[in-house]
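Engineer: Need a 3D model of the following:
(3 chains)
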Amino acid sequence: MIIDHPLLGPRDSAEFTYKGDARLIDRPDPEKGATAHDFYDYGYLRDNPAGWHEELWFHEAGDRSWLVVTRNTLTHEISKVELARDVARSRGRSK
Amino acid sequence: MTPKNRLDGGQIDPAITHEFRFDGKSYTGHAGDTLASALLANGVRLMGRSFKYHRPRGVLTAGSEEPNALVELRSGARQEPNTRATTAELFDGLVAKSQNRIGSLRFDLMAVNDRFSNFLTAGFYYKTFMWPAAFWEKIYEPIIRKAAGLGSLSLLDDPDVYDKGFLHCDLLIVGAGPAGLSAALTAGRSGADVIIADEDFRMGGRLNSETFSLGDQSGADWAAATVAELAALPNVRVMNRTTIIGAFDHGIYGAVERVSDHLPTPLDGKPRQVLWRIYTKQTILAAGAIERPIAFENNDRPGIMLASALRTYANRYAVAADRRVAIFTNNDDGHRTAADLHAKGIKIAAVVDVRADAPRSHDFEVLHGQVIDTKGRHGLTFAEVRLESGDMRTLECGALGMAGGWNPNVHLTCHQRGRPAWNDALAAFVPGGVLPVGMTVAGAANGDMSTAGALRGGAEAAKRALGLKGKLPTLPEAEDAPVNITPFWYVEGCSRAWLDQQNDVTVKDVKLSHQEGYRSVEHLKRYTTLGMATDQGKTSNMGGLAIMAELAGKSIPEVGTTIFRPPYTPTSIGVLGGRARGQAFHPKRLTPSHTWATEQGAIFVEVGNWLRAQWFPRAGETTWRESVDREVLATRKSVGVCDVTTLGKVDVQGTDAAEFLNKIYCNGFAKLAVGRTRYGLMLREDGIAMDDGTAARLADDHFVVTTTTANALSVYRHMEFVRQCLYPDMDVQLISTTEAWAQYAVAGPNSRKVLEKLVDGDISNEAFPFMACANITVCGGLRARLFRISFSGELAYEIAVPTAYGDALIRKIMEAGAEYDITAYGTEALGVMRIEKGHAAGNELNGTTTAANLGMGRMVSKAKDSIGSVLSEREGLNRADDLRQVGIKPVDPADPVPAGAHLMKADGPVDAAHDQGYVTSACYSPNLGHSIALGFLKDGANRLGERMRLVSPLTGVNVDVEIVSAHFIDPEGERLRA
Amino acid sequence: MHDLKTVTALGGTTPRVDTFARVTIAENDGVALASVAARMGHEKTCHAALEKLLGAVPAVGRAVLHDPEAGFWMGPDQWMLGAPRATHELLADQLTALLGKAASVTEQTGAWVVFDITGPGMADLSERLCNVPIRRMQAGDVQRTVIHHMGCFVIRRQAEDHIRILGPRASAGSLHHALVEAAQSIA
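Structural biologist: The predicted structure follows:
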């Protein structure tokens, strides 16, 4: 597959390491009252869709950016690639 | 002497003669021949025996779709089984053997299978070898393996090398026939980066096999001139002998270039083949079409082949398959073949056409009828024809061409779930469904069967693919005849009529499979093995489908088709492996002291990709244990040195560096003073221990973090995940420095004395206490880092210098330590000392253990949130009788305590239900004089002193042991702080 | 002054040179390297300092080339700076002094082996090694990639036939082996 890196352009997916569901960005915050159950949900309950999926890929053999890749697991079509850092910020993970 | 079936003309070079041997007999051929064409020229029709029935077989085709003429090519270590004689280029000295026979090819002892063919029909294996089970392994399988199967391996290492490579282009053109060449001309002249690849050694595809002219040139001459023009363009890469084996996601194609297959042996240093990974924006598939046979009784005799193959052998290779030939056809193309052969002086016995309205000829007889059977034990002698009138005719002929129509070569369009679509006019499947991204299909592969149509289609496809404006290039005038075909798949009433000649599947097998209830085309394929051989049924699938459709009373598109998968043609394991063989299987990582350690005679062990000194044998030492014991004792007594460069090192900087460490480690780092080092335990989010190491605070905003050797990569990745995805606005910067520094552990009571001779400055216990760290200089000014940390449990330091100085530093350390008998120690001694000290390592941090299991439960800070801290509190991970790390020693000092053995109550039952724990790390302690071990035991912290039984039923271990503290040596840690 | 002698990444006292018909592979032992990462909130200061130092801030996927090295982009707000080792042995210290709290500087000299590949066969050789689009790269283009499982930087230098490869120093031998085999392969 080719992942269109937001900074570097199209790169072979062989350069990346796969982590999984981009929901892993949404780590519960115990300092804001998150409970063990929230962590259970975060750690164990994932969707495994046959279709569009937001995934985390790490450009290990590249610029070491974590990316959020929106990919169709059936066709391998990739519709969107973002820097995970930007996604994390947009989801309110800034300090 | 000219071989008996050699004609004039063609694209061989009669000036260059090659001698070759087939089954021990010598023959000659010419440059430009394939093994198949050269054998036919010499009158050799019989080239092999069939897979199941051991029937005599010759060539069916003149291309890579060949199911029959598979030979063992070359000899010795280079012997390659199942090589298609139709694609093997002839070279001087070529040696080939027929395969799948016992005895000689003409009198194959296994041909008896043919007599028992009634028992060897579809589903034979499933039905026959059901019972008893033990018979399968002992009796049936060895017999079948001997009888069936194809060529044999040399069982020697492949002496050749294979390369991999990467190419990038705007447009990849697959196939260099009329469509591919006109596409390449259009694209190449536009300046786009073009790769045109063809599996053949001579580009031009059908233009080399046909007699049509293009403008005022022959097709072959036009092709040669076009290839020459393309090769001269700097933006076009012309790759012959290159098969596109697969269409992968997003415009990535696999290609195998046979660099040296046409040579006796590769030139020095050159690869045999190269596996290319081609990245392209657009692809034009111009792979042409493959003719299909017609099924009739005994249609597999040597001499019976595709009509187009007869044409190719005559026109391109100047070879008559036989001097007397018949054609059996259902379309006009069969007549073209007859005309071509006639023009070459070959006698046409007759053209048998199933159609009433077949074209007539003045040159040869055309019969309206069907070929219903053939004769000839080792090769065709007669064809029986039933005329439409009901009369019979016997044709004397040594070759018979089957012209059943053409299948567009849709193979690569299927590699990403594309499903071919039926075209009634062509009576064939054409590309359909979702094609691979960026792929367009042109020419015969797209159902555009005329030469003019292919030229036009290729040019238009290139224009479209590249978004070119303007007119098409001027294309030569060419034949533009329509397809005129009446579908005809098999002769009524035939049974031993071959569909798949490679897997020996007949019309009868397809009928039987239908009779037994197999309705899906995928089931038919697997039950009969139709199309499952190495040719993937390129010449056979359609016939099977058509018969199945007829039996089921459905149309062919209703039945559907099976799908083609990569690779397009069989691909050697060697080229897939590339250079990654033997010592080069993966890169090696050498430590900075490697040269020095080699000089000392060190024995090395692979740890990850690192080569680490395992121990340093000395003269007189006969076992590894002697060396290791000496290294351990010497270190604890005086001083030892060990290369610890392999530990992962990560530079963590930024104003939030301490806060960041607080997140990744379960214990606290915010209050760690500058100039101090702290042990850190990293948890996974589920509360299980992930890795451990130390973090040294060199400045308020600067830490150096170490990881275990094995986890260096994954921990770095995790740290980047935490930094970028969880805390994107923390001011922290990371970079690996694992290889930037050469780092040595200097351990033992005299370690300070040794280092004092090297370090510039005060490292007394007061100035540089336990867990201190600092940027220092050594040897009069070289920048270095010093950490007072200890894995061995002794007074110890780790000293680091820039890697290029690592070799010099180890020599300096040995020199400075000479007066203290400094001893180099390897990973074995390192392991012994850490077990003696009770330090957890990879065996204990094994992906199932928590901080509590490791006896570090109290380290998990409750004052802060860190990765894994919440889930580490889970009830299930905090039971009273949880596993705890303990030490284990044998009651009888002579007994071993092997790793992996399980702990049982001394007087309890020995079974899995009563398992109490297990041993993780074990060694012989030279300091204690007996074996010791670390392990996990239920409620272990409260069971010190308990006698238990250590068992390993698999290895017969049953030892009485005592549970002790994991700290066998210096439990109070006085040595560390000395 | 200390008396410790360096060895090259391939373990020699002098850099190794291998010459083939169409390509030369030369170990380059003369490059001092340090990484620079902008501190959060100090990006502008960091960029200004880099611009003053190099003439420009290396853009994504690009290097600012001087001889023997100058600087190239490694990741978001992170660069690798290079200088002659003979004159800049303490490059990291010098950069720290220059950049102060605007950036995190880390010495990288010892982490890398540097090979200069030159000659008319350079592109052919590169194609046998890694998936950089070598024939499309312009002088100053940099790509981090994998060569036989080793993470490397490939830098297209000023001369048309010159690339510089930075590879992991501990694997210098394996990388060199791969380069030599590829050179023989394309000979």
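Engineer: For the residue of chain A found nearest chain C, the count of nearby residues, please.
Structural biologist: Here chain A gets closest to chain C at one residue, A:Asp63, 4.0 Å apart by Cβ to the nearest Cβ. In short, each C-beta sits where N, CA and C put it, glycine included. A:Asp63 has 22 neighbours, counted by other Cβ atoms under 10 Å in any protein chain shown.
Engineer: For the closest residue to it other than its chain neighbours, give the beta-bridge partners.
Structural biologist: Distances taken as Cβ to Cβ, 6 or more residues apart in numbering or on different chains place C:Gly75 nearest to A:Asp63, at 4.0 Å, with adjacent residues excluded. As for beta bridges, C:Gly75 partners with C:Gln78 under DSSP bridges.
Engineer: wait, what's in contact with the residue nearest the centre of chain A?
Structural biologist: Centroid check for chain A by Cα atoms, centre = their mean gives A:Leu56 as the closest residue, at 2.6 Å. By Cβ atoms under 8 Å, 6 or more residues apart in numbering or on different chains, the residues touching A:Leu56 are A:18-22, A:24-25, A:66-69, A:84, B:721, B:725.
Engineer: what residues does chain C put near chain A?
Structural biologist: Neighbours of chain A within chain C, by Cβ under 8 Å from any Cβ of the partner chain: C:60-61, C:73-76, C:131, C:143-146, C:151.
Engineer: go again using 7 Å as the cut-off
Structural biologist: Neighbours of chain A within chain C, by Cβ under 7 Å from any Cβ of the partner chain: C:60-61, C:74-76, C:131, C:144-146, C:151.
Engineer: Confirm the residue nearest to the centre of chain A sits in a strand?
Structural biologist: Yes. When DSSP: H, G, I helix; E, B strand; the rest coil is applied, A:Leu56 is found to be in a strand.
Engineer: tell me the contacts of the residue nearest to B:Pro266 when sequence neighbours are not counted?
Structural biologist: Using Cβ to Cβ, 6+ apart and skipping residues adjacent in sequence, the residue nearest B:Pro266 is B:Ser260, 3.6 Å away. Contact analysis of B:Ser260 by Cβ atoms under 7 Å, 6 or more residues apart in numbering or on different chains lists B:266-267, B:270-272.
Engineer: Please repeat the previous calculation with a cut-off of 8 Å.
Structural biologist: So B:Ser260 contacts B:160, B:266-267, B:270-273 (Cβ under 8 Å, 6+ apart).
Engineer: now the longest helix along chain A: how far from the chain's centre is it?
Structural biologist: The helix that spans the most residues within chain A, counting by DSSP state H, is helix A:36-44. Its chain's average C-alpha position is 17 Å from that of helix A:36-44, according to Cα atoms, centre = their mean, to the nearest Å.
Engineer: Show the backbone phi and psi for the residue nearest to the spatial centre of chain B.
Structural biologist: Centroid-nearest residue in chain B: B:Leu576, 4.8 Å away (criterion: Cα atoms, centre = their mean). B:Leu576 adopts backbone torsions of phi -70, psi -30, taken as degrees, to the nearest 10.
Engineer: With B:Pro81 instead?
Structural biologist: Dihedral angles (degrees, to the nearest 10) for B:Pro81: phi -80, psi 160.
Engineer: Enumerate every residue touching it.
Structural biologist: Contacts for B:Pro81 were tallied using Cβ under 8 Å, 6+ apart; they are B:70, B:72, B:99, B:150-153.
Engineer: Good, we can wrap up now.
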